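>>> Coordinates for the following, if possible.
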Amino acid sequence: MKKVFVGLLMLALMSFCMAHGISARRETKKDETKGTESPAMSDGTVSDASVVYFTEDISAEGLVRIYEKLDWEPEGNIAVKISTGEPPASNYLRPELIGDLVKMLKGTIVECNTAYGGSRSSSAMHHQVAEDHGFTAIADFDLMDEDGSMELPVAGGQHLSGDLVGKHFADYDNFLILSHFKGHAMAGFGGAIKNTSIGIASSSCKARIHSGGTSDTNAWGGAQDDFLESMGEAAKAVSDYLDNGKRIIYINVMNRLSIDCDCDGNPAEPDIHDIGILASADPIALDQACMDLIYQAEGNESFVNRVRSKNGMRTLEYAEEIGLGTRNYELVNIDE
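Numbering: from 1, shown residues only. The predicted structure is shown next:
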């Protein structure tokens, strides 16, 4: 992995930040959702910092380029986990953006059915949405829970006794978690951890996670922090199963930054400009870096208020506590 001199990196980052109304800082910064300290970008001196790559280039070429920086060499069957998006007008990642990367990997686009009413709660409807949104034109498409579920162990979980994922999960050797970073009405925000936990969970386990482990049929009414912490437990169960994270990587695309998720067919228009694409082997560092960019972006009030109202940063705090990754990161700008 190519090393970037800290001075040059910080200069490049400050140039980017000035162009986008973002202030780059080496030290820890105030977490605006909780009033506690959260890691800002590292200056490269923190030994436990994870590397997060960044590009301003939100294009098919930029996506391939940032993927290649991860130096990932998967073998066997590769799953690309996305959100297919709720019709009619959600902000899912378009096939035109992701198609080149998916084809280069010879990957299969994978999803699971939803736990709420809508156009993706049954397999027949979900397959139709995948076709309508153009995903079946660029790759094979697999609903992993179409034939049932398999259970992953949750080591040391306080809320989940097990994580039910789609039965077809076992058919894949490696996973690329390709997420549209955005707000979320229940989680505050959605990125790599949400796409790995709720996204890979079967429809019944989506209810289990949302309820904080209290129900496989009723997703509503559980304690908020229990839900957020359950996402961390489910994401760690997936990572642990995949050789403790060796067979999974994560990319977040920061475009169409609505306060509403891709499960909303009529999301609010974004108040924040598109920012870029970020990638890492550490989902916590990746989501933390995305949130730090949100905190420092112009027009962020509605997004930050959404995160604050749901205590959304608790997901990252708890996931770090249970050992999924770290909130300390070194942000490497690959555009320089």
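
>>> ranges for the strands of the stretch 51-200 of the chain?
78-81, 108-111, 141-143, 149-153, 162-166, 174-180, 182-184, 188-190 (DSSP state E, counting those that start in this stretch).

>>> how far away is Y250 from A281?
Distance, Y250 to A281, using C-beta to C-beta, to the nearest Å: 7 Å. In this view, the C-beta of every residue, glycine as well, is placed from N, C-alpha and C.

>>> Among the two, which residue is more densely surrounded?
Y250 (31 against 18; other C-beta atoms under 10 Å).

>>> burial measure for T217, as a count.
Neighbour number of T217 under other C-beta under 10 Å is 9.

>>> ok, it touching A207?
Yes: counting by C-beta atoms under 8 Å, T217 does reach A207; the two are 5.8 Å apart.

>>> re the thing from before, including mean neighbour count, mean pLDDT and distance to N266, could the strands of the stretch 51-200 of the chain go into TSV?
As requested, those are arranged in TSV below (neighbours: other C-beta atoms under 10 Å; pLDDT from 0 to 100; distance: least, C-beta to C-beta, whole Å):
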stretch	mean neighbour count	mean pLDDT	distance to N266
strand 78-81	23	98	24
strand 108-111	23	98	20
strand 141-143	19	98	24
strand 149-153	18	97	30
strand 162-166	25	97	27
strand 174-180	25	98	16
strand 182-184	26	98	14
strand 188-190	27	98	17
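
>>> what's the closest of these to G199?
Ranking these by proximity to G199 (C-beta to C-beta) places strand 78-81 first, at 5.8 Å.

>>> Which pLDDT does the model give S15?
The model reports S15 with a pLDDT of 47.

>>> for the record, mean pLDDT for the one helix or strand S230 maps to?
Per DSSP states H and E: S230 is located in helix 224-241. In this model, helix 224-241 has an average pLDDT of 98.

>>> what are the pairing partners of the helix or strand just after that helix, and which direction each?
Sequence order places strand 248-254 as the next helix or strand after helix 224-241, per DSSP H and E. As defined by DSSP bridges, the strand partners of strand 248-254 come to strand 174-180 (parallel), strand 276-280 (antiparallel).

>>> Pull out the buried residues from strand 248-254.
Neighbour-count burial for strand 248-254, counted by 16 or more other C-beta atoms under 10 Å, picks out I248, I249, Y250, I251, N252, V253, M254.

>>> Next: stretch 50-59.
Quick answer for stretch 50-59 (16+ other C-beta under 10 Å): S50, V51, V52, Y53, F54, T55, E56, I58.

>>> what's the closest of these to H127?
I58 (28.1 Å).

>>> And that closest one, how close does it get to P283?
To P283, I58 is 20 Å away according to C-beta to C-beta.

>>> Also T84?
Taking C-beta to C-beta, one finds T84 at 20 Å from P283.

>>> between these two, who's got more neighbours?
Using other C-beta under 10 Å, the more surrounded residue of T84 and P283 is P283, with 32 against 26.

>>> where's that one relative to E298, distance?
From P283 to E298 the distance is 27 Å (C-beta to C-beta).

>>> if we can go back for a sec, what two of the buried residues of stretch 50-59 have the greatest distance between them?
Longest span within those, C-beta to C-beta: S50 and I58, 22.3 Å.

>>> Next, the buried residues of stretch 92-104.
In stretch 92-104, counting by 16+ other C-beta under 10 Å, buried: Y92, L93, R94, P95, L97, I98, G99, D100, L101, V102.

>>> Turn these into CSV, columns for pLDDT and distance to V238.
Below are the buried residues of stretch 92-104 laid out as CSV (pLDDT from 0 to 100; distance: C-beta to C-beta, whole Å):
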residue, pLDDT, distance to V238
Y92, 98, 21
L93, 98, 20
R94, 98, 25
P95, 98, 25
L97, 98, 24
I98, 98, 20
G99, 98, 25
D100, 98, 26
L101, 98, 21
V102, 98, 20
